[in-house]
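Trainee: Structure for the following, please:
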Amino acid sequence: MPTGHIPRAWLAWSSGKDSLWALHLARESGEVAVVGLLVTITDPYRRVSMHGVRESLVEAQAAALGLPLHVVRIPSPCSHDEYEARMARAMEEARRSGVTHVVFGDVHLADVRAYREERLASVGMEAAFPLWGRASRALAEEIIAGGVRAVVTCLDPRKMPRELAGREFDGELLRQLPDEVDPCGENGEFHTFAWDGPGFAAPIAVEVGETVERDGFVFTDVLPAEQAGGE
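Mentor: Numbers count the residues shown, from 1 in each chain. Just a heads-up that it's a prediction; the model follows:
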């Protein structure tokens, strides 16, 4: 995609449905040229922080989307200062490569948006929020109708039933969510892994694995299909 004078951007990649839809909308708008995915990996586990998704699956997503993956590795536990230091180094790398923007999939958490904008401004960069201000239910339905296929990899059992872990993110799941749960999981109620959707060259073959409870959250492992039989 020719970028011309269009600002170059990395997209903050969580591996989930909102990141994929934000990428889709950013590409459709043409306001920025997304030239890479930025992901935070908890290094001892080699998994996406909070989502619990295997690094190998994130690499498969990046390959399917035709974008390079820029990994910020953090220890466990990771202090706020250490996280910020490692992210600042990543932003230095981005700026050296001509990237001026970071695209986020946030919907309506104003404090999160303000934090992101402040941190980026401090290093001379800007944030973009393609999903911002959308009604969560309508957005969730739009994501599903738009062809995003995703599975719930992590949920907060204090907010929603444990048995929804590992479920497909679809209309039936939306109908089973408690009324107080944001349909996009915007308040951290749940997280997902997207295995197909707009921009994917091909779906990622996966199987749902074991579900465990750890650190107060319920995690469902998602395995590459060729590994599922051997683990």
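Trainee: ranges for the helices of this protein?
Mentor: 17-29, 55-65, 80-96, 110-121, 136-145, 171-176, 225-228 (DSSP state H).
Trainee: Please look at Phe169 and Ile144 and confirm they touch.
Mentor: Yes: applying Cβ atoms under 8 Å, one finds Phe169 in contact with Ile144, separated by 7.0 Å. Heads up, the C-betas are built off the backbone N, CA and C, glycines and all.
Trainee: Which residue of those two possesses the greater neighbour count?
Mentor: More neighbours surround Phe169 than the other of Phe169 and Ile144, with 25 against 20 (other Cβ atoms under 10 Å).
Trainee: Who does the residue nearest to that one when sequence neighbours are not counted form a beta bridge with?
Mentor: Nearest residue to Phe169, sequence neighbours excluded (Cβ to Cβ, 6 or more residues apart in numbering): Ala150, at 4.2 Å. Beta-bridge partners for Ala150, by DSSP bridges, are Ala194.
Trainee: Would you agree Ala150 is in contact with Asp18?
Mentor: No: using Cβ under 8 Å, Ala150 makes no contact with Asp18, being 9.4 Å away.
Trainee: low-scoring pLDDT stretches of this structure, where are they?
Mentor: Along the chain, segments meeting pLDDT under 70 span 1-4, 227-231.
Trainee: Following the record's annotation, map out the domains of it.
Mentor: Using automatic domain parsing, the domain ranges for the chain come out as 8-128, 136-228.
Trainee: distance between the ends of the longest one?
Mentor: One end of domain 8-128 to the other measures 11 Å (Cα to Cα, to the nearest Å).
Trainee: Number the residues from 53 up from this point.
Mentor: From this message on, residue numbering opens at 53, which makes the last subject domain 60-180.
Trainee: Pull the distance from it to the chain's centre.
Mentor: 8 Å (Cα atoms, centre = their mean, to the nearest Å).
Trainee: ditto for the last one
Mentor: Averaging C-alpha coordinates over domain 188-280 and over its chain gives two centres that are 11 Å apart (Cα atoms, centre = their mean).
Trainee: and the end-to-end length of stretch 147-160?
Mentor: 27 Å.
Trainee: what's the neighbour count on the nearest residue to Leu172 once chain neighbours are set aside?
Mentor: Nearest residue to Leu172 in three dimensions, chain neighbours excluded: Ala179, at 5.1 Å (Cβ to Cβ, 6+ apart). When neighbours are defined as other Cβ under 10 Å, Ala179 has 21 of them.
Trainee: Ala179 is in contact with Ala166, isn't it?
Mentor: No: Ala179 is not in contact with Ala166 according to Cβ under 8 Å; the separation is 9.9 Å.
Trainee: can I get the CA coordinates of stretch 237-255 in PDB?
Mentor: Taking Å, rounded to 0.1, in the frame of the first residue of the first chain, the C-alpha atoms of stretch 237-255 are listed here in PDB:
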ATOM      1  CA  GLY A 237     -15.500  -6.600  27.300                       C
ATOM      2  CA  GLU A 238     -14.300  -3.000  27.500                       C
ATOM      3  CA  ASN A 239     -14.100  -3.000  31.200                       C
ATOM      4  CA  GLY A 240     -11.900  -6.100  31.300                       C
ATOM      5  CA  GLU A 241     -14.700  -8.600  31.700                       C
ATOM      6  CA  PHE A 242     -13.300 -10.800  28.900                       C
ATOM      7  CA  HIS A 243     -10.600 -11.000  26.200                       C
ATOM      8  CA  THR A 244     -10.500 -12.800  22.900                       C
ATOM      9  CA  PHE A 245      -8.300 -14.300  20.200                       C
ATOM     10  CA  ALA A 246      -9.200 -13.600  16.600                       C
ATOM     11  CA  TRP A 247      -8.500 -16.400  14.200                       C
ATOM     12  CA  ASP A 248     -10.100 -15.000  11.100                       C
ATOM     13  CA  GLY A 249     -11.600 -11.800   9.800                       C
ATOM     14  CA  PRO A 250     -11.000  -8.800   7.400                       C
ATOM     15  CA  GLY A 251      -7.500  -8.700   6.100                       C
ATOM     16  CA  PHE A 252      -6.600 -12.300   6.900                       C
ATOM     17  CA  ALA A 253      -5.000 -14.100   4.000                       C
ATOM     18  CA  ALA A 254      -6.500 -17.300   5.400                       C
ATOM     19  CA  PRO A 255      -8.000 -18.400   8.700                       C
END
